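[1] just the structure for this:
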Amino acid sequence: MTSVASSVPPSTIMRTMEFPLFVDGQETTKSAYAIFLLNKDIEQLLNYIGAESLGPRHVLANLKQLTTIIQSQQYVSID
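    Prediction:
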């Protein structure tokens, strides 16, 4: 049996990591703006490849459309 020694203090290993599904207070404006910017990026990528966006409120649908198109045989080349 082998063992591994670590120089990382136990306090950093046991620290709880938090990934909130919602934001509190003033952060809602920042998160809404971040989602807006994400959707604009996706729309620009769709426009770049010649596809049309489904609209500003369809972030996940636009992302699905983008990934479907760029994974198609037209864009994927296996050398």
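
[2] show me what the strand or helix carrying T67 is packed up against.
    Per DSSP states H and E, T67 falls inside helix 59-70. Other elements packing on helix 59-70 under the criterion 3 or more CB pairs under 8 Å, 6 or more residues apart in numbering; DSSP states H and E are helix 27-48. To be clear about C-beta, it is placed using only N, CA and C from the backbone, and glycine gets the same treatment.

[3] who are the packing partners of the helix it packs on?
    helix 59-70.

[4] can you list the buried residues in the helix it packs on?
    The neighbour-count check on helix 59-70 (16 or more other CB atoms under 10 Å) flags 59, 62-63, 65-66 as buried.

[5] distance to F36 and pLDDT added to those, as a markdown table?
    Output for the buried residues of helix 59-70, formatted as a markdown table (distance: CB to CB, whole Å; pLDDT from 0 to 100):
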| residue | distance to F36 | pLDDT |
| --- | --- | --- |
| V59 | 9 | 90 |
| N62 | 12 | 94 |
| L63 | 14 | 94 |
| Q65 | 18 | 95 |
| L66 | 17 | 95 |
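
[6] low-confidence stretches in this protein?
    1-26, 78-79 (pLDDT under 70).

[7] if we go to 80?
    Applying pLDDT under 80 to the chain flags residues 1-31, 56, 75-79.

[8] ok, E52 to T28 distance?
    Using CB to CB, to the nearest Å, one gets 30 Å for the distance from E52 to T28.

[9] circling back to that earlier point, okay, the buried residues of helix 59-70 in JSON lines with distance to I35 next?
    Below are the buried residues of helix 59-70 laid out as JSON lines (distance: CB to CB, whole Å):
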{"residue": "V59", "distance to I35": "6"}
{"residue": "N62", "distance to I35": "12"}
{"residue": "L63", "distance to I35": "11"}
{"residue": "Q65", "distance to I35": "17"}
{"residue": "L66", "distance to I35": "16"}
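
[10] please list the residues outside stretch 68-79 that contact it.
    For stretch 68-79, contacts defined as CB atoms under 8 Å, 6 or more residues apart in numbering pick out 46, 49, 51.
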